[in-house]
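**Q** Build me a structure from this.
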Amino acid sequence: MLRTSLLLLVIATIGSVQAQAVRRKHLLMSVGGGIGVLNVYSDRRDIAVVGLGSGAFRAAFGYAVADRWSLGVHYDRIGSAWHNGGLDRLHMTTYLLSIAYRPWVSDRSAVELEFAFGAMAASLFPNETRLPYTTTGGAAEFGVRYIGMMSGTIGAFVALDHATSSSNELVLEGGLVNPDGVKSRIQWNSPRLTAGMGGRF
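**A** Residues are numbered from 1 along each chain as shown. Just a heads-up that it's a prediction; the model follows:
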């Protein structure tokens with residue numbers, strides 16, 4: 001009886017592994033968009049803003065190194081065409097390496113927890129000027145994503161992410177942004193909700 005029960009358990013486990021939405025050696029690609037909030041902190045009060053509604057774009061590529069773990073790259077862009085201070089528009093872009101863990105996987109869906117880190121670039125366009133303030137630095141991101149498969153290769157996702165940047169110096173064409181020669185710095189963070197389509201190969 002014990003041997004029969006163990007055999008049935010092994011067969012069921014093998015069957016569930018083979019039926020997983022994401023398995024080892026799968027390639028995962030996704031692209032989508034959504035909405036977010038930008039919080040920008042700076043000694044320049046005409047730039048700083050909290051709770052700025054923004055649009056968000058997300059693209060990701062991952063390789064499942066195990067049934068539960070993936071490594072990949074993550075590209076995000078969040079920005080707004082309006083600002084309640086001295087900016088006409090602004091956008092932040094991240095280029096991140098990601099580590100994802102799937103705590104729950106079924107035959108047609110999965111939940112991923114993701115941590116990503118890498119580089120970021122920001123462009124902020126002051127009112128009535130064509131030259132942007134720019135900055136580059138580091139960024140990190142935490143997120144959770146639900147993946148649902150609609151066929152053997154095509155699926156959809158919903159993701160909730162929160163990204164934050166390091167504190168970096170603002171520059172204007174490589175020089176200082178302030179006429180008096182005082183350096184200004186900027187740091188930002190952004191929660192966002194995105195959804196889109198993906199592929200599993």
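**Q** Please identify which helix or strand holds T164.
**A** Using DSSP states H and E, T164 sits in strand 154-165.
**Q** Just the mean pLDDT for the helix or strand following that strand, thanks.
**A** Next helix or strand after strand 154-165 toward the C-terminus (DSSP H and E): strand 168-169. The pLDDT scores in strand 168-169 average 96.
**Q** and if you look at stretch 41-60?
**A** 95.
**Q** Report the buried residues of it.
**A** Neighbour-count burial for stretch 41-60 flags 41-42, 44, 47-49, 52, 54-60 (criterion: 16 or more other Cβ atoms under 10 Å). C-beta coordinates here come from the backbone N, C-alpha and C atoms, glycine included.
**Q** so which pair among those residues is furthest apart in space?
**A** Greatest spatial distance in the buried residues of stretch 41-60: R44 and A60, 32.6 Å, computed using Cβ to Cβ.
**Q** which residues of the protein fall in helices?
**A** 2-18 (DSSP state H).
**Q** Poorly predicted segments of it, please.
**A** Residues of the chain that meet the criterion pLDDT under 70 lie in 1-19.
**Q** Count the neighbours of the closest residue to R145 other than its chain neighbours for me.
**A** Closest residue to R145 apart from its sequence neighbours, by Cβ to Cβ, 6 or more residues apart in numbering: A159 at 4.0 Å. A159 sits with 22 neighbouring residues when counted by other Cβ atoms under 10 Å.
**Q** about what we covered before: for the strand holding T164, give me every contacting residue.
**A** Strand 154-165 has contacts (Cβ atoms under 8 Å, 6 or more residues apart in numbering) with 21, 30, 32, 58, 76, 78, 92, 94, 114, 120, 122, 137-150, 187-200.
**Q** Need the buried ones from the residues you listed selected in ChimeraX.
**A** Selection of buried members from the contacts of strand 154-165 for ChimeraX, criterion 16+ other Cβ under 10 Å:
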select :21,30,32,58,76,78,92,94,114,120,122,137,139,140,141,143,145,147,149,187,188,189,190,191,192,194,195,196,198,199,200
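**Q** OK, contacts around I78?
**A** 36, 38, 54-57, 91-92, 163, 190, 192.
**Q** From the contacts of strand 154-165, which land in strands?
**A** Assigned to strands by DSSP state E, the following of the contacts of strand 154-165 qualify: 30, 32, 58, 76, 78, 92, 94, 114, 120, 122, 137-149, 187-200.
**Q** Which neighbouring residues are in contact with M120, exactly?
**A** If you count contacts by Cβ under 8 Å, 6+ apart, then M120 has 92-95, 136-139, 163, 165 around it.
**Q** try it again with 7 Å
**A** By Cβ atoms under 7 Å, 6 or more residues apart in numbering, the contact set of M120 is 92-94, 136-139, 165.
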